[in-house]
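A.B. asks: Next comes the sequence, and after it the predicted model I'd like to discuss.
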Amino acid sequence: MGRMARKSRKRAKALHPVTSEALIFKSKTGIYVRLSVEDNGDTANDSIQNQITYLKEYIKNNEDDFQLVHIYVDNGTTGTNFDRAGWQRLIEDIKTGTIDCVVFKDFSRIGRNYIEVGNYLEKIFPFLGVRVVSVNDGFDSKEQSFESNMLMNSLTNIVNDYYAKDISRKILQAKKVMQENGEYTSGIYPYGYKKADTDRRKLAIDPEAADVVKKIFEWRIQKKSCAWIANTLNELAIPSPGLYKFLKGEQAYKHCCNAKWRSEYVSKILKNTVYLGHLVQGKTQRSHFRNGGKRYNVPETDWIVSENTHEALVSQKQFDEAADMAAESHKRYCERKKANVDVPHIENPLRRKIYCGQCGHMMYRRSWIVKGIRNYYYYCDSRRRVLGVQCSQAGIQEKALMETIKDVTSHQLQLFADVLDQWRKQRKFEGGCNNRRQEDKEVDLQNKEQKEQLEQEILFIKRKRKEIYEDMKEGRLTQEEFENERKSLAEKQLRYEKELKRKEDNNMEKEMIETLSIVKPDDSDIPLELLGYLIEKIVVFSSEQINITYAFTDMLKEWCEEMQIRFPDMIEGDGGE
């Protein structure tokens, strides 16, 4: 592909000729902008676009000093931590030398965590030799040292830090006041309720879902189990809570479009005091200055309870009866668990590799105890959990399944040993043993060097793809030029990635050979850990038909093709007739 014209750069050169000496002193500049709340095209004074325009104007007015390379944007991200895509890309480009100068509107755009911002300003940026310009703060590290302005920078960052904490505290406090006043502060409304037409902070009855809630309590009081209630609701084709919300137009519940009623959904409804007309809020909180901004649980003594805030769906008597039944069930469960506490549980590395042959869903592992011995079985639960699935798969006991797996695997290992022996003999015949070993070492070294080179090439292409996107956004490349170059880079990256995967597969192949070479094919007691390493997938159609796919299948196929011999049968194992 020929060199592409970058028209705007040529035009700039013609209109504003500069000497090579001047170009040396131009800082390769990146603009960084951030807004805490997604601006969605807002035209407010501090919107993302206004920040960019403001900083580009500053650079234009000082064009002898700056060469704009990239614009880094974090739209709708908090300044209390540095886990931001735009910021991380900025730091990466600084490390690679793509830019050596960063321009901000003010220090608060960097962040509002005093310690972390100070660490960047006073340690990281100076160490990396980065020029930092904060326009509104009148700071340019080229003219002023970080040390001479450390006090002012620290004071600015302390104010920003305090501002973020103060805002967070005020939001939590305002939310707490609303909750204490009996206002509903969540954007997710409980099943059976919707927001009131006149006040979104109040709950109103959703008649269709409310009737289902009432029926659930009625059935439970009639001694029906939660599982029976869930099955009955599914048989009546009543949408589950998540599916109901999705059908009502809430796209956030799209993942529930195939969800059925489950016993845990029923149990959760039976325990929720919202159906008594009461609100229990403040069970969890999230602060940008606790747990890294993650949500955390609040002690029950600090929950905010407001009674009679909306119309109840069940009476206190109904709720108490359902609660008593739940308590009794939990008591029996705890007694059974306590009685079996001394019976050890055995993990199985294959449990997440076992799938139903009828519907394709992963099978679940459960246990039961007989005479002090824990037994395991696998079953398919998709018919109960997923709409439209009519799987009739029965369970299969783990003991019988593992016996079949080990028998089939022993046979596969014998096939592997036979093919491996032929392959080694052919290679030994083609070249002396010592020469072959020396050649293998040289190949390993060469593969390692080529692998490292491929990784560097892929990394370079990823950076280049980001650069041409910025060039297109800034008008230095036309849309057509961008698409052509993007396509070329994508094809090259895909080619390199395929080559890298092939080399990684070769390394895995060597590891597989070394591992399998020390296994005795006639060993009937193959360790579980080894089975987990050798087996990729197990598909159970019935207790008589079990298909097993092994990790070394492709490797054997390649060997057989290389030696021009027939590929052995039963690589994807069958449980037998």
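C.D. replies: Everything's here; your move. Numbering: from 1, shown residues only.
A.B. asks: which regions of the stretch 1-150 of the chain sit below the pLDDT cut-off?
C.D. replies: Confidence mapping of the stretch 1-150 of the chain against pLDDT under 70 gives the ranges 1-25, 36-46, 77-81, 112-116, 118, 145-150.
A.B. asks: try it again with 50
C.D. replies: In the predicted model of the stretch 1-150 of the chain, residues 1-24, 38-45, 150 satisfy pLDDT under 50.
A.B. asks: Same check on the chain?
C.D. replies: For the chain (pLDDT under 50), the answer is 1-24, 38-45, 150-151, 154, 157, 431-434, 436, 570-577.
A.B. asks: can you pull out the strands in the stretch 51-200 of the chain?
C.D. replies: Taking DSSP state E, counting those that start in this stretch as the test, the strands found in the stretch 51-200 of the chain are 66-75, 101-104, 131-134, 139-140, 193-195.
A.B. asks: Single out the most deeply packed of these.
C.D. replies: strand 101-104 (a mean of 24; mean count of other Cβ atoms under 10 Å). All C-beta spots, glycine's among them, are computed from the backbone N, C-alpha and C.
A.B. asks: So which residues make contact with it?
C.D. replies: The contact list for strand 101-104 (Cβ atoms under 8 Å, 6 or more residues apart in numbering) reads 27-33, 55, 58-59, 66, 90, 94, 110, 125, 130-135.
A.B. asks: repeat that with 7 Å
C.D. replies: Residues outside strand 101-104 that contact it (Cβ atoms under 7 Å, 6 or more residues apart in numbering): 27-32, 55, 58-59, 66, 90, 110, 130-135.
A.B. asks: Tell me the buried residues within those.
C.D. replies: For the contacts of strand 101-104, a burial check counting by 16 or more other Cβ atoms under 10 Å picks out 27-32, 55, 59, 66, 90, 110, 130-135.
A.B. asks: Neighbours of the nearest residue to Cys356 once chain neighbours are set aside, how many?
C.D. replies: In space, and not counting its chain neighbours, Cys356 is closest to Cys380: 4.0 Å by Cβ to Cβ, 6 or more residues apart in numbering. Cys380 has 26 neighbouring residues, counting by other Cβ atoms under 10 Å.
A.B. asks: Out of the strands of the stretch 51-200 of the chain, flag the one nearest Met563.
C.D. replies: Met563 lies closest, by Cβ to Cβ, to one member of these: strand 66-75, at 53.7 Å.
A.B. asks: For the closest one, name the packing helices and strands.
C.D. replies: With contacts taken as 3 or more Cβ pairs under 7 Å, 6 or more residues apart in numbering; DSSP states H and E, strand 66-75 sits against strand 27-35, helix 48-61, helix 85-96.
A.B. asks: Now do the second one against strand 66-75, angle only.
C.D. replies: Pointing back at helix 48-61 there. If you take axes from the mean of the first three to the mean of the last three Cα atoms, to 10 degrees, helix 48-61 sits at 170 degrees to strand 66-75.
A.B. asks: ranges for the strands of the stretch 451-577 of the chain?
C.D. replies: Using DSSP E, counting those that start in this stretch, strands in the stretch 451-577 of the chain cover 535-540, 546-550, 573-574.
A.B. asks: Would you reformat those as JSON lines and include distance to Leu528 and mean neighbour count?
C.D. replies: Below are the strands of the stretch 451-577 of the chain laid out as JSON lines (distance: least, Cβ to Cβ, whole Å; neighbours: other Cβ atoms under 10 Å):
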{"stretch": "strand 535-540", "distance to Leu528": "10", "mean neighbour count": "19"}
{"stretch": "strand 546-550", "distance to Leu528": "15", "mean neighbour count": "20"}
{"stretch": "strand 573-574", "distance to Leu528": "17", "mean neighbour count": "18"}
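A.B. asks: Of the helices and strands packed on strand 66-75, which is nearest His70?
C.D. replies: His70 lies closest to strand 27-35 among those, at 4.7 Å (Cβ to Cβ).
A.B. asks: Paired strands for that closest one, with orientation please.
C.D. replies: Paired neighbours of strand 27-35 in the sheet (DSSP bridges): strand 66-75 (parallel), strand 101-104 (parallel).
A.B. asks: any chance of those strands in JSON lines, plus distance to Val266?
C.D. replies: Putting these into JSON lines (distance: least, Cβ to Cβ, whole Å) gives the following:
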{"stretch": "strand 66-75", "distance to Val266": "42"}
{"stretch": "strand 101-104", "distance to Val266": "54"}
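A.B. asks: Okay then, goodbye and thanks.
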